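> no sequence for this one, just the structure:
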Ligand SMILES: C[S@@+](CC[C@H](N)C(=O)[O-])C[C@H]1O[C@@H](n2cnc3c(N)ncnc32)[C@H](O)[C@@H]1O
């Protein structure tokens, strides 16, 4: 079921039934993953989240309180949906969590969360109107489809970060927070300087739940100027 861009989830679909369906599809890939990844994937399944990436956001939330009950939160690159579910749980009934992704979110979402299919590089007027503005937090866990060419992948990742920051600067209220995944490549320092210039404080954070070998890190802007 799908209206323009907005995904419509059947009533009552938020819960284990949907999660079980999603996890079954992924079971064949399990053998290739390391034990730590397996542990977190199993934990995510038990906790009813479609991806283990949720634990990264949980760690950041615990340390920096980037969201609170009643907030409006925008999640860029929200599929398969773990961050969006968690953000919806944090903001509760009085808040709203909105996600955008190139791909459908196939799991049920809390009532406080909505997912839209779209490309952050090309948000048309209809999607922009549906998303609105006045956000207390903008999150980006976006990652490009990898090509295997490190220079190309790093450049694409940087473009996603730049667009996330530009979106954050446009849609965040003063005092709002920003969380963005970035790979530590040649553009990293320039991006950190940009975040520094728009927020009162900024922090770099590598969650415990990130693979140790990964070059990914999260940059957190606290208090949009
Ligand atoms: C690592 S996944 C996000 C996982 C998500 N945080 C979760 O917890 O379920 C990265 C996502 O970024 C999305 N993405 C990449 N480029 C995008 C773009 N131009 N616009 C919107 N989403 C994009 C991908 O489709 C992918 O679903």
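Structure received. In this text the structure is predicted, and so the values were computed from the model without any measurement. Numbers count the residues shown, from 1 in each chain.

> Longest strand in the chain, please.
strand 172-183 (DSSP state E).

> which strands and helices sit next to the helix or strand following that strand?
Reading on from strand 172-183 to the C-terminus, the next helix or strand found by DSSP states H and E is helix 188-198. Under the contact criterion of 3 or more Cβ pairs under 8 Å, 6 or more residues apart in numbering; DSSP states H and E, helix 188-198 touches helix 150-171, strand 172-183, strand 199-205, strand 216-224. Every C-beta, even on glycine, is put in place using the N, C-alpha and C of the backbone.

> Tell me how far the longest strand of the chain lies from the chain's centre.
11 Å (Cα atoms, centre = their mean, to the nearest Å).

> In that strand, which of the residues would be classed as buried?
Of all the residues in strand 172-183, those buried under the rule 16 or more other Cβ atoms under 10 Å are 172, 176-183.

> Which member of the residues you listed is positioned nearest residue 130?
Checking the buried residues of strand 172-183 against residue 130 by Cβ to Cβ gives residue 172 as the nearest, at 17.7 Å.

> and that closest one, what are its bridge partners?
Beta-bridge partners for residue 172, by DSSP bridges, are residue 135.

> So which residues on the chain come close to the ligand?
51, 53-54, 77-83, 100-103, 119-121, 141-144, 160 (Cβ under 6 Å from any ligand atom).

> Repeat the analysis, applying 8 Å as the threshold.
Counting by Cβ under 8 Å from any ligand atom, the chain comes close to the ligand at 49-51, 53-54, 57, 75-84, 86, 100-103, 105, 118-121, 139, 141-145, 160, 163, 181.

> Let's see which of those residues end up in strands.
Using DSSP E, the residues of the chain next to the ligand in strands are 75-76, 100-101, 139, 181.

> what's the closest of those to the ligand?
Of all these, the ligand sits closest to residue 101, with 4.4 Å by Cβ to the nearest ligand atom.
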